[in-house]
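S.K.: Sequence first, then the predicted structure, then my questions.
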Amino acid sequence: MTDIFIKGGRALLNREILETSLSVADGKIRGIGSHQERGALELDARDLLVLPGIVDLHGDAFERQMMPRPGVDFPIDVALIDSDRQAIANGMTTVFHATTWSWEPWLRRPTTSMRKRRSANGWPRTASIYSRSTITWTSPRRCETSLGSAPQ
């Protein structure tokens with residue numbers, strides 16, 4: 001018996017989206033296209049997409065979860081839990097949290113950026129997603145240049 005039988009979804013297979021059924025056993029796809037199989041867990045995926053886990057290479061949501069509005073701060077571990085739950089609910093299995101290193105205060109200052117990076121990269125493997133951190137450098141000169149008023 002198959003562990004999971006996903007019936008009738010639109011699956012990404014060989015660079016095409018095809019309507020089919022999938023059998024999953026031991027965490028791996030074991031069969032494609034069989035409509036006769038049974039599984040311990042059966043999912044009706046008609047009118048749904050069946051995709052591999054999505055990888056977010058530059059997620060900006062983490063800062064918003066640490067500080068949802070000015071003056072409201074959540075600890076990094078609480079923000080990571082919230083980020084983990086939101087990502088997995090949206091089909092993401094790997095997230096690279098974009099961490100900005102900047103002259104700006106609080107969320108983007110160097111000390112906070114490094115704390116965020118250490119926390120995300122050390123996030124326990126018991127989390128739902130694989131969580132990593134990347135650092136983006138922002139300088140006042142770059143900002144002025146991007147706004148069209150490059151300093152002389």
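M.R.: Structure received. Numbers count the residues shown, from 1 in each chain.
S.K.: can you pull out the strands in the protein?
M.R.: Taking DSSP state E, the strands of the chain run over residues 2-13, 16-25, 28-32, 39-44, 49-50, 54-59, 92-101, 130-137.
S.K.: neighbouring contacts of the second one?
M.R.: In this case it means strand 16-25. Strand 16-25 has contacts (Cβ atoms under 8 Å, 6 or more residues apart in numbering) with 2-11, 13, 29-35, 37, 39, 49-50. Glycine gets a C-beta too; all of them are placed from N, C-alpha and C.
S.K.: circling back: so which of the strands of the chain is nearest residue 69?
M.R.: Relative to residue 69, the nearest member of these by Cβ to Cβ is strand 92-101, separated by 17.8 Å.
S.K.: partners of that closest one in the sheet?
M.R.: strand 54-59 (parallel), strand 130-137 (parallel) (DSSP bridges).
S.K.: Report the buried residues of that strand.
M.R.: 92, 95, 96, 97, 98, 99, 100, 101 (16 or more other Cβ atoms under 10 Å).
S.K.: next one: stretch 43-55
M.R.: Neighbour count says stretch 43-55 has 43, 45, 50 buried, by 16+ other Cβ under 10 Å.
S.K.: Grab the nearest non-local neighbour of the second one.
M.R.: The spatial neighbour of residue 45 that comes closest, neighbours along the chain excluded (Cβ to Cβ, 6 or more residues apart in numbering), is residue 9 at 2.9 Å.
S.K.: Would you check that that neighbour makes contact with residue 48?
M.R.: Yes: counting by Cβ atoms under 8 Å, residue 9 touches residue 48, with 5.1 Å between them.
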